[in-house]
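K.L.:
using only what follows, build the 3D model:
(one chain, ligands or ions: 1)
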Amino acid sequence: MNKLCLLGLVVGLASHSVMAETTTTPLANKNAFISNLMKQMTLAEKIGQLRLISIGPEMPQPQILKEIAAGRIGGTFNSITRPENRPLQQAAVVNSRLKIPMFFAYDVVHGHRTAFPISLGLAASWDMDAIALSGRVSAKEAAADGLDMTFAPMVDISRDPRWGRSSEGFGEDTYLVSRIAKVMVNAYRGEHPGSADSLMASVKHFALYGAVEGGKDYNTVDMSPTRMYQDYLPPYHAAIDAGAGGVMIALNSINGIPATSNTWLLKDLLRKDWGFKGVTISDHGAIKELIRHGVARDDREAAKLAIKAGVDMSMNDSVYGEQLPGLLKDGEITQNDIDSAVREVLGAKYDMGLFADPFRRIGDAATDPIDTNGESRLHRVEARDVARKTMVLLKNDNETLPLKKQGTIAVIGALAKSQLDMLGSWSAAGVPHQSVTVFDGLASAVGDKAKLVYARGANVADDPAIIKYLNFMVTEVETDPRPAEEMIAEAVKVAQQSDVVVAVVGESRGMSHESASRTSLNLPGRQQDLIAALKATGKPLVLVLMNGRPLALVKEQQQADAMLETWFPGTEGGNAVADVLFGDYNPSGKLAMTFPRSIGQLPVYYAHLNTGRPLMPGKPGNYTSQYFEETNGPLFPFGYGLSYTQFSLSDVTLSAKDMKRGGTLTASVTLKNTGKVDGATVVQLYLHDVAASISRPVKELKNFQKVMLKAGEEKVVTFTLSEEDLKFFNPALKFVAEPGEFNVMIGLDSSDVKQQSFNLL
Ligand code: BGC
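P.N.:
This next block holds a predicted model:
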């Protein structure tokens, strides 16, 4: 009996004679299996496979079971335990005519039961092993809950911190985000896509969602083809090359055409140019939204546009089921339009191993966890280890940090005691009561060696309209009803009795989320007044920042003695913050997104073009590219982050002055830890093409190495550059390297760099 027959038997398909003729390669086996199955499917069953529904109040379970048994649902999302998913799978593989298994998806973005830091934080680790660990643990935990697919990684390049979803992505840089995209897809998959602990990645949001105008969520995207190809598309491509089996389509339009009806995007680019072989999934309700985009008159036209453009599965609407049969009957779409989509859905299920064993990840009821949220199901050690690597030391005057475990420490701020905010947005199956707050983390670190005193100081939001907005679905923000002045006065009193003040300030997690765009990047609520009052006490002031986007912190940077960016650090966040504040871990994170000085500077990103009139340091500024009220440049540049030790970097040495076509050369620097403690930093290599057929950015990250050095130790760090690193998309969208001069810049952030030049012959 060949392998295919075996597969058929396992799922009870043999009786429907889906066995293919003898085939040779795994791909041929898969294709033959799917072709055979499709021959037996009715039109309704085919269209049923294209429907992905959300499990929630919209449809009661008995009705869902009926729909599945009738072959009218292909997969679900938001059902996240084995006992929830088992009856759904049973309805499919026992009660439906063809016994085609369901798949179960969820937004596992930065952890599942255990929350890791938000993605923007993960990126700030610049540590591919740590990022891979977070992805692998997420996959293991989610697969153990009966899930097969994650709507991740989210690799939208974002250069506008007003956009709340900046928190979900890995920042502004094409190279860094592309590297992480690949790492994440591999980590979710693990050894094999069909393994019981594997999750299929559905990369999102294809495409360019991070470039919404003004950072306002769901807004229009209008972009030149060269910028698209050069800066925004590579991370999706990297995820697909790494084997992402799914692609979620973005909600925005691109140069006037919604992604959901964009044939160029979904067919020409994704399928033909990139060779994508997996399933495409619309975002929530996006097919119907084609009407409001103004490209479809009604549901019928929306369904037609989407299926023709190449949207295989529709998320949480019933337009395909309602409209495709009529469209086919009237000859407005072809059987092939439907079949191609069905083929991809079945192919994804095949790759996830579900035809071989539909209960692969759901398991037997007898082995279900006794307590879904049991402590033993968490990965606290991994979460703490990763979280501390994501923290970025922004300022540390007079060695304010690390703190000593002695005396009295004032811990101030609503966020210091918020378990919910620790988890960050899109926290999957994370439960607030299992997360460690900053206060609790500090308390357990000091034990009885020091005294901790607390005051709330300020709410993160006071405006009732904002609170109502953020609490739209569930209570996200809880406020203390006392007058702001009273709370600030209480905090000042507590600070006065202490040796040092740790103020935990920032945003509530819901402020950096979907549909959470901001017109200000200031600390919200009365937190600025709180900081000013704490500063006035004269006590050393440490700001622990929790936020999901770059904030404008000019004033705070002047007031604070030390600042630590901790993002939303996850289940073990409080312990990780304590590790860093007390020096049990020396911070090594580097920003993955530029921190602006003010909101008026936006967009501000390091890889900008020079323009014809750049501001020249030391020269008069008139008639150069700048704002006259503000210094050019950010508050904290991309790639920036301090350590408790100091590092020096030598000049750059190149192995040659010229690079031949197809050749390589090396760029080296000597990195020395000149301080008193061991520490790690990220050596970053940037390139600039001095004169090309199109203006090229002043610098672009092309490689980096995270290096750990003992106090006093030095190391030569060498990068190999090849012609590939010099390539870019020219005006004809050809990926080419043009001859001429290139600047190589190496630094410990994107602004302070050492430079050398070479020529490509
Ligand atoms: C979001 C997606 C998410 C989906 C399913 C949508 O609102 O845009 O990122 O994957 O919901 O939860």
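
K.L.:
where does the residue positioned nearest the centre of the chain sit relative to Ala737, distance-wise?
P.N.:
The centroid of the chain falls nearest to Gly169 when counting by CA atoms, centre = their mean (3.0 Å). Using CB to CB, to the nearest Å, we find Gly169 at a distance of 28 Å from Ala737. Quick note: C-beta positions are derived from backbone N, CA and C, even for glycine.

K.L.:
show me the domain layout of this protein.
P.N.:
Per the record, the chain has its domains at 1-100, 381-591, 647-760, by automatic domain parsing.

K.L.:
from the chain's centre, how far out does the second one sit?
P.N.:
Using CA atoms, centre = their mean, to the nearest Å, we find the averaged C-alpha position of domain 381-591 to lie 22 Å away from the chain's own average C-alpha position.

K.L.:
contact partners for whichever residue of the chain sits closest to the ligand?
P.N.:
Proximity of the chain to the ligand (CB to the nearest ligand atom) peaks at Phe151, 3.6 Å away. By CB atoms under 8 Å, 6 or more residues apart in numbering, the contact set of Phe151 is Phe77, Ala105, Tyr106, Asp107, Val108, Val109, Ser202, Lys204, Gly246, Met248, Ile281.

K.L.:
so what's the residue count around the residue nearest to the first one when sequence neighbours are not counted?
P.N.:
By the measure of CB to CB, 6 or more residues apart in numbering, the closest residue to Phe77 outside its immediate chain neighbours is Ala105, 4.2 Å from it. Burial of Ala105 is recorded as 27 neighbouring residues (other CB atoms under 10 Å).

K.L.:
same for whichever strand or helix holds Ala105, what does it pack against?
P.N.:
Using DSSP states H and E, Ala105 maps to strand 103-106. Counting contacts by 3 or more CB pairs under 8 Å, 6 or more residues apart in numbering; DSSP states H and E, strand 103-106 is packed against strand 75-77, helix 82-90, strand 149-150.

K.L.:
can you pull the contacts of the spatially closest residue to Met593 that is not a sequence neighbour?
P.N.:
What sits nearest to Met593 in space, not counting adjacent residues and going by CB to CB, 6+ apart, is Gly171, at 4.3 Å. Contact analysis of Gly171 by CB under 8 Å, 6+ apart lists Leu120, Ala123, Ala124, Ile157, Ser158, Val177, Leu591, Ala592, Met593, Phe638.

K.L.:
show me those that map onto helices.
P.N.:
If you go by DSSP state H, those have Leu120, Ala123, Ala124, Val177 in helices.

K.L.:
would you show me how to pick out the buried ones of those in PyMOL?
P.N.:
Filtering those down to the buried ones (16 or more other CB atoms under 10 Å) takes a single PyMOL command:
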select buried, resi 120+123+124+177
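
K.L.:
and the furthest pair within the ones in helices among the contacts of Gly171?
P.N.:
With distances taken as CB to CB, the most widely separated pair in these is Ala124 and Val177, at 12.3 Å.

K.L.:
point out the most buried one among the domains of the chain.
P.N.:
domain 381-591 (a mean of 21; mean count of other CB atoms under 10 Å).

K.L.:
would you mind putting the CA coordinates of stretch 125-140 into CSV?
P.N.:
The C-alpha coordinates for stretch 125-140 follow below in CSV (Å, rounded to 0.1, in the frame of the first residue of the first chain):
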residue,chain,number,x,y,z
SER,A,125,16.9,42.5,21.4
TRP,A,126,18.6,42.2,18.0
ASP,A,127,19.1,38.6,19.2
MET,A,128,17.9,36.1,16.7
ASP,A,129,18.2,33.2,19.2
ALA,A,130,16.1,34.9,21.7
ILE,A,131,13.5,35.8,19.1
ALA,A,132,13.5,32.2,17.8
LEU,A,133,13.0,31.0,21.3
SER,A,134,10.0,33.1,21.8
GLY,A,135,8.5,31.8,18.5
ARG,A,136,9.3,28.2,19.3
VAL,A,137,7.7,28.4,22.8
SER,A,138,4.7,30.1,21.3
ALA,A,139,4.2,27.4,18.8
LYS,A,140,4.6,24.6,21.3
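
K.L.:
give the buried residues for it.
P.N.:
For stretch 125-140, the neighbour count (16+ other CB under 10 Å) marks 125-128, 130-140 as buried.

K.L.:
near the ligand, which residues of the protein?
P.N.:
Asp107, Phe151, Lys204, Asp283, His284, Glu514 (CB under 6 Å from any ligand atom).

K.L.:
which of the residues you listed sits closest to Gly347?
P.N.:
When the residues of the chain next to the ligand are compared against Gly347 (criterion: CB to CB), the nearest one is Phe151, at 18.2 Å.

K.L.:
on that earlier part again, just put the domains of the chain in CSV and tack on mean pLDDT.
P.N.:
Below are the domains of the chain laid out as CSV (pLDDT from 0 to 100):
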stretch, mean pLDDT
domain 1-100, 83
domain 381-591, 98
domain 647-760, 98
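
K.L.:
out of the ones you listed, which gets nearest to Ile291?
P.N.:
domain 1-100 (18.9 Å).

K.L.:
where does the residue lying closest to Val431 once chain neighbours are set aside land on pLDDT?
P.N.:
Nearest residue to Val431 in three dimensions, chain neighbours excluded: Asn373, at 5.3 Å (CB to CB, 6+ apart). Asn373 carries a pLDDT value of 95.

K.L.:
tell me how far Asn373 lies from His379.
P.N.:
Counting by CB to CB, the gap from Asn373 to His379 is 13 Å.

K.L.:
shared neighbours, the two?
P.N.:
With CB under 8 Å, 6+ apart, Asn373 and His379 have no common neighbours.

K.L.:
for the stretch 151-300 of the chain, which segments count as helices?
P.N.:
Taking DSSP state H, counting those that start in this stretch as the test, the helices found in the stretch 151-300 of the chain are 174-189, 225-227, 234-241, 263, 289-293, 299-309.

K.L.:
typed the wrong thing, it's the stretch 451-600 of the chain
P.N.:
Using DSSP H, counting those that start in this stretch, helices in the stretch 451-600 of the chain cover 464-470, 484-496, 527-536, 554-559, 573-581.

K.L.:
contact partners of the fourth one?
P.N.:
Looking back up the chat, that one is helix 554-559. For helix 554-559, the surrounding residues in contact (CB under 8 Å, 6+ apart) are 394-395, 505, 523, 528, 531-532, 535, 541, 543, 563, 597-598, 635.

K.L.:
extract the C-alpha trace of that helix and format it as PDB.
P.N.:
Provided in PDB are the C-alpha atoms of helix 554-559 (Å, rounded to 0.1, in the frame of the first residue of the first chain):
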ATOM      1  CA  VAL A 554      12.400  65.400  25.200                       C
ATOM      2  CA  LYS A 555      11.200  66.800  28.600                       C
ATOM      3  CA  GLU A 556      11.400  63.500  30.300                       C
ATOM      4  CA  GLN A 557      14.900  62.900  29.100                       C
ATOM      5  CA  GLN A 558      16.000  66.200  30.700                       C
ATOM      6  CA  GLN A 559      14.200  65.400  33.900                       C
END
